[in-house]
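[1] predicted coordinates and the sequence they were generated for:
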Amino acid sequence: MLLATLLPLFALPAAVSAHGFVHQVWVNDKKFTGNVPGADPTDSVVRQISQVDPVKGATNAAVNCGHDAQLAADVADANPGDTIGFVWSGGDLSAWPHDTGPMLTYMADCGDDCTTFNSAKAKAGSSRTSTSPQTSPFPSNLAPGNYLIRHEIIALHLAESQGGAEFYPSCTQLRVGGSGTGKPTADELVELPGAYSDTDAGILVKNVFNTPPPKYTFPGPAVAAFVGASSDGDDTSAGGSKTSSAASSSSTGGAKSAGSKPGKSCKLRRAVPSTTSKQKRSPRPRPHNVSRVMRGLSLGLVKPH
């Protein structure tokens, strides 16, 4: 999650721009900017991380919300059915550099206050819909409450070798209104780390750049039943990419889940530059058990420029 300061980024080594973070979060047409990783923090709804490098290893504690993710001071308001969008940028605010891999989104119940919520205690559930690569709709029946949304990209350009997949998680704090009653059941909740293994399909992907592209299976738990799968992970065509997102909510408490379960599959494709993407930066703490209110898979990643 993320927020602000541009100057430090331009001073970073060129290699840093090869990785990145969530620069902006959009709820419908309202934009929220994240703090630049490692910069002096300003108030944001996105939890700031300390560096733009990827998290390596599916059981790494930083898979939770990113490297040394810090609590954010603000909370964004949303309602069931609203759309949330994420803008990923390179470390120097250039276009997102990696073009092969899924996007997944989880949602955890923060309880009374997301600004003090320890993400290590989060649990999650899921739902899915097909939209553009960087956006996910909230379930129309999602129960009101305070939620931590964990959005991630799993870059697969090195995933042919065990431990090669690169995780880019980000956490954003939201308050959902309305009168919905939808929540995941206990057996639909997962924790992160804990939901993935380095040998899971979707994380260890042999022949990832083969032609035709191999069938891709999303890692992690199935989408929560209350959301219902509104779309499958369809194949993408050479000219574009398709996203499958999952919505989830969670309850606080102990963690759960060991390894991922087979999910929907699709074919991997490279991303095409987006002409509508927007941008901004990164934020702080992290969730331990995260529920997936949204789990989006994009066969291409967001390219802001």
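    Looks like it arrived, so ask away. Numbers count the residues shown, from 1 in each chain.
[2] what about the helices in this structure?
    7-10 (DSSP state H).
[3] any low-confidence regions in it?
    1-18, 124-133, 228-305 (pLDDT under 70).
[4] one more pass at 50, please.
    1-17, 126-133, 229-262, 272-305 (pLDDT under 50).
[5] what are the boundaries of the strands in the stretch 51-200 of the chain?
    55-56, 76-78, 83-90, 103-111, 124-125, 129-131, 135-137, 145-155, 166-176 (DSSP state E, counting those that start in this stretch).
[6] name the strands paired with the fourth one and say parallel or antiparallel.
    Sheet pairing here is set by DSSP bridges, and for strand 103-111 it gives strand 124-125 (antiparallel), strand 145-155 (antiparallel).
[7] angle of the longest one against strand 166-176?
    For strand 145-155 against strand 166-176, the angle between stretch directions is 160 degrees (axes from the mean of the first three to the mean of the last three Cα atoms, to 10 degrees).
[8] by how many degrees do strand 145-155 and strand 83-90 diverge?
    Going by the same axes, to 10 degrees, strand 145-155 makes 40 degrees with strand 83-90.
[9] out of the strands paired with strand 103-111, which gets nearest to Asp68?
    strand 145-155 (15.4 Å; Cβ to Cβ). C-beta coordinates here come from the backbone N, C-alpha and C atoms, glycine included.
[10] buried ones in that closest one?
    Residues of strand 145-155 classed as buried by neighbour count (16 or more other Cβ atoms under 10 Å): 145-155.
[11] CA atoms of it as PDB?
    Output in PDB follows, covering the C-alpha atoms of strand 145-155 (Å, rounded to 0.1, in the frame of the first residue of the first chain):
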ATOM      1  CA  GLY A 145     -17.600  -3.400   8.300                       C
ATOM      2  CA  ASN A 146     -14.000  -2.500   8.400                       C
ATOM      3  CA  TYR A 147     -11.900  -4.400   5.900                       C
ATOM      4  CA  LEU A 148      -8.200  -4.800   5.000                       C
ATOM      5  CA  ILE A 149      -7.800  -5.500   1.300                       C
ATOM      6  CA  ARG A 150      -4.700  -7.400   0.300                       C
ATOM      7  CA  HIS A 151      -4.000  -7.000  -3.400                       C
ATOM      8  CA  GLU A 152      -1.000  -8.700  -5.000                       C
ATOM      9  CA  ILE A 153       0.800  -9.500  -8.200                       C
ATOM     10  CA  ILE A 154       2.700 -12.700  -8.500                       C
ATOM     11  CA  ALA A 155       5.300 -12.200 -11.300                       C
END
